[in-house]
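Enquirer: Here is the input, now give the coordinates:
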Amino acid sequence: MSLEKEALSTIPIWVHLPALPMEYWGERCIRKIAGLLGNVLKIDNATKNKDRLMYARTLVETDIRKGLPDEVFFTNEYDELKPPRREWVNKESQKDQTKAQIKQHHDNSETCETMAIQSPEGNIESESQCTTITEPRGEPHKTLQQGKNVRGLNKANKQAEVVHFIANHISLFSLLETKVKRQGIGALYQIICPSWCITYNLALQKGGMIIVAWRAEEMKVDIRFVSSQIIHLIVNPNVGDNFNCSFVYGATDKKERGIMLTELENIGTTVTGPWIVMGDFNYIANLNERIGQKSRLHEIEPLRRCMVNCDIHDMKSTGRFFTWSNKQRGNARVLSKINRELENSAW
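Expert: Predicted structure coming up:
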């Protein structure tokens, strides 16, 4: 038996293929493309199920003696030469980058100059609603705009409306209550924002209640928490400081909504620097936020308690005050404000 050490020549590494066009997301295509780098051992489940469309991820066995190429090209079905963008995943460097981002966040927490955010939610019958929100510190930067809840995104006219909605220099947006099933996400992505990165909570909530999309060339996004009612991000724009951003869609069930508030409070304990929370909370926070039906103190206490515990408050905004209607007329009509935008004192 030989006790000499064998020279290590091959190692498995996780390879990311960012911004891979949807037509190449089949397992055979991914294996062929990643196969240019070595022996493909595995494709992760999120890639197989198309749960995360910001990049395809594969485990590839590579020969370290040859080194890693700077570029990899492949020829598509039209004999066009394509260079897939790729990143070599190094967990240690990711940790160092995270520490650097946290340090930068503390060093630059005085102001928060953000990219534009547009989040479709809230609906009064079929009318369009748009709330313009004042930027942090009152500086003349781009505005954050919160639009209307899409309430189903499977029809062409709804999709066209969203495409028009995000065409106005938007870099980060969220869609709520899309009602898009898993098999329809790829087609929706191609129609609405084919060059964007997206994430969603479809695996945790049937009907795709929250979709978040951003322009990767303008910002880096760290997805910190995803549940059936919340997607929480840390956003690092190319211009300006990092900020925390949470998109919420409260359940109709009272007990589940309570879980959402607990999750928000848990997120609040980890937040440093600017934080904005926006979406459909399915709660009112003040007695005057519902007309046509009596408001009671026990209905507003849960959200108000959460706001105090998280140290967040309503942002200054303009636009429609009531965001929901029961679509009735006359004395039977009920209007309420269940959509809102909240900020902490660092925003």
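
Enquirer: could you check the distance from the nearest residue to Asp63 once chain neighbours are set aside over to Lys32?
Expert: In space, and not counting its chain neighbours, Asp63 is closest to Thr10: 5.4 Å by Cβ to Cβ, 6 or more residues apart in numbering. For the C-beta atoms, the positions are set from N, CA and C on the backbone; glycine is no exception. Computed as Cβ to Cβ, to the nearest Å, the Thr10 to Lys32 distance reads 20 Å.

Enquirer: any low-confidence regions in this structure?
Expert: 1-7, 19, 22, 51-54, 70-71, 76-152, 206-208 (pLDDT under 70).

Enquirer: Tell me, domain by domain, which residues of it belong where.
Expert: For the chain, automatic domain parsing gives the domain ranges 11-92, 110-344.

Enquirer: Could you dump those into CSV with mean neighbour count added?
Expert: Below are the domains of the chain laid out as CSV (neighbours: other Cβ atoms under 10 Å):
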stretch, mean neighbour count
domain 11-92, 15
domain 110-344, 18
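
Enquirer: just the helices in the stretch 151-300 of the chain please.
Expert: Listed in chain order, the helices of the stretch 151-300 of the chain (DSSP state H, counting those that start in this stretch) span 156-165, 185-192, 254-268, 297-310.

Enquirer: now the strands: where do they sit in the stretch 151-300 of the chain?
Expert: With strands called from DSSP state E, counting those that start in this stretch, the stretch 151-300 of the chain shows them at 172-176, 197-200, 210-214, 219-226, 230-237, 243-249, 275-280, 290-291.

Enquirer: Just name whatever secondary elements the fourth one is in contact with.
Expert: Applying 3 or more Cβ pairs under 8 Å, 6 or more residues apart in numbering; DSSP states H and E, one finds that strand 219-226 contacts strand 197-200, strand 230-237, helix 254-268.

Enquirer: can you pull the alpha-carbon coordinates of it into CSV?
Expert: Only the C-alpha atoms of strand 219-226 are listed here, as CSV (Å, rounded to 0.1, in the frame of the first residue of the first chain):
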residue,chain,number,x,y,z
MET,A,219,-27.9,47.3,-8.0
LYS,A,220,-27.0,44.2,-6.1
VAL,A,221,-29.7,42.6,-4.0
ASP,A,222,-29.2,40.3,-1.1
ILE,A,223,-32.4,38.2,-0.4
ARG,A,224,-32.4,37.9,3.4
PHE,A,225,-35.9,36.5,4.2
VAL,A,226,-38.8,35.0,2.2
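
Enquirer: To Gln328, which of the helices and strands packed on strand 219-226 lies closest?
Expert: Nearest to Gln328, of all the helices and strands packed on strand 219-226, is helix 254-268, at 22.5 Å by Cβ to Cβ.

Enquirer: which residue is nearest the centroid of the chain?
Expert: The centroid of the chain falls nearest to Val212 when counting by Cα atoms, centre = their mean (3.1 Å).

Enquirer: Reformat the strands of the stretch 151-300 of the chain as a markdown table; add distance to Val60.
Expert: Shown next, in a markdown table, are those (distance: least, Cβ to Cβ, whole Å):
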| stretch | distance to Val60 |
| --- | --- |
| strand 172-176 | 31 |
| strand 197-200 | 22 |
| strand 210-214 | 27 |
| strand 219-226 | 24 |
| strand 230-237 | 28 |
| strand 243-249 | 33 |
| strand 275-280 | 38 |
| strand 290-291 | 56 |
